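> Output the structure for:
(2 chains)
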Amino acid sequence: MEQSRLEKNFEEVEPGLTDREAMEEANRCLYCYDAPCIRACPTGIDIPAFIKKIASGNVKGSAKSIMLSNPVGASCARVCPTEELCEGACVLNHSTKPIMIGKLQRYATDWAIRNKEVLFQAGRKNGKTVAVVGGGPAGLSSARELARLGYEVTIFEAENEAGGLNTYGIVSFRLPQNISLWEVNQIKSLGVQIRTNTRVGKDIEVNELLECYDAVVLAVGMGKVPKLGIPGEDLDGVYDAIELIKETKTKPLTDRLVGKRVVVIGAGNTAIDAATCSVRLGAENVKILYRRTKEEMTAYEFEYEFAKQDGVEFRWLTAPKRIIGDSKGKVTHVECVRMELGETDADGRRRPLPVEGSELIMPVDVVIKAIGQERHIELIEAFGLEHDHGVVKVNPETYQTSNPKVFACGDVIFERGKGEAMVVVAAQQGKEAAYGIHQYLTKAVSETA
Amino acid sequence: MADLSINLAGIKSPNPFWLASAPPTNSGYQVQRAFEAGWGGAVWKTLGEPILNVSSRFAAISFNGQRVMGFNNIELITDRPLEENLKEIYETKKRFPDRAVVASLMVEPKREKWHEIVKRVEDVGVDGLELNFGCPHGMAERGMGSASGQVPELVERQTYWVKEVARTPVIVKLTPNITDITATAEAAAQGGADAISLINTINSLMGVDLDTWNTIPHVAGKGAHGGYCGPAVKPIALNMVAECARHPRIRIPISGIGGISNWRDAVEFMLMGATGVQVCTAVMHHGFRIIEDMIEGLNHYLDEKGIASVMDIVGKSVSKYSDWGDLDLNYKVVARIHRERCIQCNKCYISCEDASHQCIERCIDENRKEYLKVREEDCVGCNLCSIVCPVDGAIEMIEVPSEHPPMTWNERQAALGRLSGCSVDIKSL
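Numbers count the residues shown, from 1 in each chain, chains lettered A, B, ... in the order given. I've put the predicted structure just below:
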């Protein structure tokens, strides 16, 4: 496959609204009072207000309304499961059809990106410093709010660029990297320092942060995809889904999946991304293997539909047992076993159990692991924070951890079975952690005064 | 199929839909295309001494993204030689003898000028004349159009001059750019007009460009007021038609004009006293083909109502249009929200709260579900909630039986006047 063809495959799939489409759709919005869409948005964007601003031709004001509530609102316009959130709550679901809120949000933020708008300014310096560990959605969001409140904020980012999964972990054809990097730049423009390629615990000591800053935000998200725990995992041709996606967003696209038979293990949004990514890299056949059924799948409905459109096949109740390689160490087959659902688990889902004697062998060239992400337990413990299997414990209102100086937000506090690990939720937690810190530090001031 | 034919002061047409004197009736080619499409009549673009036009000429206003809510123009009367127009009128009438062809006329306010043009157009076989006393721009500065139409004496005198020689019915077209249109309508009737047509366009400036600060439209950076028309002017036109229709001294037929875009608008004008209607902006926007739905829709409406002839609806609502002082002060309606239809946009709540009488309450039921409720004892029946409600039938205005018999302001004042002559304590009434 030609390089240009590959690149075309990774261009954003959904076209944005034209001016006229946006105008018509914006005018269709009823401009509800105390609108349910606002309540359905985890970041509480004043949706009727931003839509009205599109209709009035105040697109800059519209982008500001969006980004004020959600510092990663341009990314969320593309990756939010809007039918479960704002659009699902639109009152027009009960009469005609809901407003395309996500697409209007994208229209306004695209306008701001195109016009190189700087939307916010830092607040007057209050002399206090905050370190933010991790420059993903939660970290960026907390940094933005802290900077607006007058804090001097430094983000410590392990990668080459900030933005977290928005920059590296969501496929380009759904979320181009420049969108996330624009959001990063918005935050930089408030004077937030971002120290990239700096891994806390390795390039800089945890204690240094705790000593040198008035407060710390821990927003490190999650780590790489864990081991499957089956034989053959180290064979050539076994990939980590997040690593694979990151590669497509950071390096020239390669033809190494062209004509290959791929299986993806797992059925979350990352699994879907890895599968559609493989299709677009030229794989001949892509199957998603999931040990439970469609009902338990964590991928959003629209993601699932998108994968089906891309020709991805789904094998429910199928788990890998062993990856088989040839003499050169290359993957040739995967042995699977059929599953059935047993009793309900602690997380509320029925436990999958292997059906004895149902093993089958599939010829494959590539196995992509997408069964979740590891926890940064080592780092959490280096901070000395209370946690539950790598899930940092926080006060649900202030996001303060067991160390009063440290606040945590985003995927690092995400508990399985407690809602969804959405970008938009991480953004909201980032804001709330910032307010938690502000409350904590201003209280400290008033107490010592 | 109902009979759609009308007879307006002796001018007959197979349906009540005429094209108004305007750009769509500029040439024989256009009028014949319109007649092929089914239009019942056409008032030719105003004839007179040929003029010079400017470029650009039109502008329109959009509302919430919808194009051509209102429209304006600074185009003048025909810019083609009279002979050419007369030849085309003759050909058109010959090809479509059953349609009404009316010549719109505008000349200097001189008796001989009117006599001359009337004779010339009647010689080619027009069915009637429409005197353009309404055009608000360009011609008015030369003493014609609305400059004549704003002065009742001029209207009466020029109408009289025309009637001295006219053999076909004379319609006087009135300008709305006047405080009380019935004054000029009455003057036209006094002058012997067989009918009046209204409204002509309204003085307007469509807009100012936010970037160039030019007027919209502009001609080389300068603008001038133009004539406003289109759907936005319909309520203004309808009122003026109704005021003329109910006026005791204006006893001549009315040709209704102003924002009529479909058969429904036409029915409203006819109910309010128009014998037929004239259309322009809707054709400017969509072309002659809209006539198909206008005829069909009107036909279906009349059939559903069991009305044999469209002439039977003319003026049927006129007696319902009155003065404020004749309205019943004891009549009362209140809003009622039908919960099962409500989609909870809360538009009614906020408009009542901020702009009316604060009588809609946001409640929560036993299942923690939100709903809206009207505190009927405080509702003044203003209609605002039902106007802003986006769902048909979710808010209904319900008549509440009154404890008192009907009484109008005029009746009340008359009663008080009578009582003031005696020594009864009227405060307790």
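
> Flag every residue of chain B that's near chain A.
For chain B, the residues in contact with chain A (CB under 8 Å from any CB of the partner chain) are B:64, B:65, B:66, B:343, B:344, B:345, B:346, B:347, B:349, B:350, B:390, B:391. Placement of C-beta: from N, CA and C, glycine included.

> List buried members of those by neighbour count.
Among the residues of chain B next to chain A, those scoring as buried are B:343, B:344, B:345, B:346, B:347, B:349, B:350, B:390, B:391 (criterion: 16 or more other CB atoms under 10 Å in any protein chain shown).

> wait, which of the residues of chain B next to chain A is closest to residue A:98?
Relative to residue A:98, the closest of these is residue B:343; by CB to CB it sits at 11.0 Å.

> Let me see the ranges of the helices in the stretch 51-200 of chain A.
Ranges of helices in the stretch 51-200 of chain A, per DSSP state H, counting those that start in this stretch, are A:59-69, A:73-79, A:86-89, A:101-114, A:137-148, A:165-168, A:177-188.

> export those helices to a markdown table and tack on distance to chain B, mean neighbour count and mean pLDDT?
A markdown table is the format used below for these (distance: least, CB to the nearest CB, whole Å; neighbours: other CB atoms under 10 Å in any protein chain shown; pLDDT from 0 to 100):
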| stretch | distance to chain B | mean neighbour count | mean pLDDT |
| --- | --- | --- | --- |
| helix A:59-69 | 14 | 22 | 98 |
| helix A:73-79 | 21 | 27 | 97 |
| helix A:86-89 | 10 | 21 | 98 |
| helix A:101-114 | 13 | 23 | 98 |
| helix A:137-148 | 29 | 30 | 98 |
| helix A:165-168 | 32 | 25 | 97 |
| helix A:177-188 | 27 | 21 | 98 |
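
> Show me how the record splits chain B into domains.
Following automatic domain parsing, chain B resolves into domains at B:6-320, B:324-400.

> now the end-to-end length of the last one.
Going back to what we said before, that points to domain B:324-400. Across domain B:324-400, the terminal residues are separated by 21 Å (CA to CA, to the nearest Å).

> Repeat that for the first one.
End-to-end span of domain B:6-320 (CA to CA): 23 Å.

> what about that domain, average pLDDT?
Averaged across domain B:6-320, pLDDT comes to 96.

> and what of the last one?
Domain B:324-400 shows a mean pLDDT of 97 in the predicted model.

> Can you tell me which of the domains of chain B is nearest to residue A:396?
Closest of these to residue A:396 is domain B:324-400, at 21.8 Å (criterion: CB to CB).

> mind checking how far that closest one is from the chain centre?
Relative to its parent chain, domain B:324-400 has a centroid offset of 31 Å by CA atoms, centre = their mean, to the nearest Å.

> swap in stretch A:263-283?
Per CA atoms, centre = their mean, the centroid offset for stretch A:263-283 relative to its chain is 16 Å.

> got the residue ranges for the strands in the stretch 151-300 of chain B?
Per DSSP state E, counting those that start in this stretch, the stretch 151-300 of chain B carries strands over the ranges B:170-173, B:195-198, B:202-204, B:207-208, B:215-216, B:226-229, B:254-257, B:274-279.

> Among those, show me which one is buried the most.
For the strands of the stretch 151-300 of chain B, average neighbour numbers computed from mean count of other CB atoms under 10 Å in any protein chain shown are highest in strand B:254-257, which has a mean of 30.

> any idea how far residue B:17 lies from chain A?
As judged by CB to the nearest CB, to the nearest Å, residue B:17 and chain A stand 30 Å apart.

> residue contacts, that residue?
Residue B:17 makes contacts with B:39, B:40, B:41, B:266, B:276, B:277, B:279, B:291, B:294, B:295, as judged by CB atoms under 8 Å, 6 or more residues apart in numbering or on different chains.

> Just the endpoints, please. Distance across stretch B:297-314?
Taking CA to CA, stretch B:297-314 runs 17 Å from one end to the other.

> what residues are up against residue 80?
Using chain A. A:86, A:102, A:422, A:423, A:424.

> that's the wrong chain, I wanted chain B
B:26, B:27, B:50.

> Next: residue A:362.
A:263, A:287, A:333, A:334, A:335, A:336.

> Isn't the second one up against residue A:262?
Yes: counting by CB atoms under 8 Å, residue A:287 sits close enough to residue A:262 to count as a contact (7.2 Å).
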